[in-house]
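**Q** sequence? don't have it. structure:
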DNA sequence: TTTATTATATAACTTATGTTATATAATAAA
DNA sequence: TTTATTATATAACATAAGTTATATAATAAA
């Protein structure tokens, strides 16, 4: 029929992601994407009805990349894996991470809320966490999530001293988790 | 000489702050400010050379409001006061708080770095923190800052269950601080 | 080979926004 | 009262961005 396709949907999303990574999500424009892939804006409008639709596809891409990062972790401890994946994402894609935190993205919120019950179930299986009530586990998890979010943002904002390697950050995360567990246990025995 | 001034610099900054509070800093435009105060854009350009200059003035205003919030706290414990002021700011001006976290504002960073040595000095005076090395104090402070940032962002993003009052959040903050102190002390005695 | 299809390029249109030039009118000084 | 000054309003200009209409040219089918 017509001429060969030179610019695919994937290529376009790739370009959008690249711009988001280096300049932030808000810096994405149709013309910039076109320039990035060496085309005009026409192929973009063939693949996406509007920039909103393109942004949705970008969010999907971001989620899938973050899940890829998570799948690369396999310590067996879901908290450790999630924490490490989050820190890596915040470090490697700091602008995107900040944009997501800032926009308070609803897909992220939904994802968040879905994962919490699963994590509580994980915690119940953990021998180290034996003897805690559901409420206590919730509090421990909440504290860990708060600490992880704070640390990830510090990483994304370059507020962590340069001497800290990712392993140091993981140690810090573990340490905060242990702090919470230890003090909860102590308050029980008292 | 000319006619009476009807629109002052203060009024303009007020309007900009109001827009920032309700729609976010990025939603501020010259025309919107003008509409807010019931003028044309002319008075704004008499008071500010450009929108950049106006934004600087807005940042100053934001800093002064956050310091006002801090000055309203007077528990005597600087960590408590800072923590509470930060949570109140995140709750009352959530959009602005998020914008500041996202933009990774340099004035904020400078302010942050200036306050840390002062806090360490405070910590040295605290009887509860007696016997810790400077490094240990730094680690405890770092953990507290991480937790406080994470919690503030959760508040700003509406991720904290509605049942939590500000006092509950303060308890959580204290609890996290105590977790860090307690476990540092235990690791010493071991 | 001719023709219909369609991917792409180009340029224009639209809207939003920062900025500026000019006009108007209120006020104080002469 | 007249005049110079200047705060304000208005409208235009410039630029950036999303979007769309039209032209071009590459490809497959007839």
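**A** Done, it's in. Just so it is clear, the model here is predicted, and its values are computed rather than measured.
**Q** The helix or strand encompassing residue A:82 near chain B anywhere?
**A** Assigned by DSSP states H and E, residue A:82 belongs to helix A:78-92. No - on the criterion CB under 8 Å from any CB of the partner chain, helix A:78-92 is out of touch with chain B, staying 11.5 Å away. The C-beta positions use only the backbone N, C-alpha and C, and glycine is treated the same way.
**Q** Tell me the helix or strand right after that helix.
**A** helix A:94-103.
**Q** close to DNA strand D, is that following helix?
**A** No - Helix A:94-103 does not reach DNA strand D (CB under 7 Å from any atom of the strand); its nearest approach is 14.7 Å.
**Q** what residues does the helix or strand that that helix is followed by touch?
**A** Later in the chain than helix A:94-103, the nearest helix or strand by DSSP H and E is helix A:106-125. Contact with helix A:106-125 is made by A:59, A:63, A:78-79, A:100, A:129, A:132, A:134, A:137-138, A:140-141, B:157, B:159, as judged by CB atoms under 8 Å, 6 or more residues apart in numbering or on different chains.
**Q** For the next helix or strand after helix A:106-125, what is the distance to the chain centroid?
**A** Using DSSP H and E, the helix or strand that follows helix A:106-125 in sequence is helix A:134-156. Centroid displacement of helix A:134-156 relative to its chain, using CA atoms, centre = their mean, to the nearest Å, is 14 Å.
**Q** quick check: mean pLDDT across the next helix or strand after helix A:134-156?
**A** With elements assigned by DSSP H and E, the helix or strand that comes after helix A:134-156 is helix A:166-189. Regarding helix A:166-189, the rounded mean pLDDT is 91.
**Q** got the contact list for helix A:166-189?
**A** By CB under 8 Å, 6+ apart, helix A:166-189 touches A:79-80, A:83-84, A:87-88, A:91, A:128-129, A:131-132, A:136, A:139-140, A:143-144, A:147-148, A:151, A:155, A:160, A:164, B:142-143, B:146-147, B:175-176, B:178-180, B:182-183, B:186.
**Q** Could you tell me how far it lies from the centre of the chain?
**A** Averaging C-alpha positions (CA atoms, centre = their mean) puts helix A:166-189 22 Å from its chain's average.
**Q** Tell me the one among the contacts of helix A:106-125 nearest to residue B:6.
**A** residue B:157 (39.3 Å; CB to CB).
**Q** Run a quick neighbour tally on the closest one.
**A** By the criterion of other CB atoms under 10 Å in any protein chain shown, residue B:157 has 22 neighbours.
**Q** From DNA strand C, how far off is it?
**A** 24 Å (CB to the nearest atom of the strand, to the nearest Å).
**Q** before we move on, what about residue A:4?
**A** For residue A:4 relative to DNA strand C (CB to the nearest atom of the strand), the value is 7 Å.
**Q** domain ranges for chain A?
**A** A:1-63, A:72-190 (automatic domain parsing).
**Q** Apart from its chain neighbours, what residue comes closest to the residue in chain A positioned nearest to chain B?
**A** Distance from chain B to each residue of chain A (CB to the nearest CB) is smallest for residue A:150, at 2.8 Å. Leaving aside its sequence neighbours, residue A:150 sits nearest to residue B:150 (CB to CB, 6 or more residues apart in numbering or on different chains; 2.8 Å).
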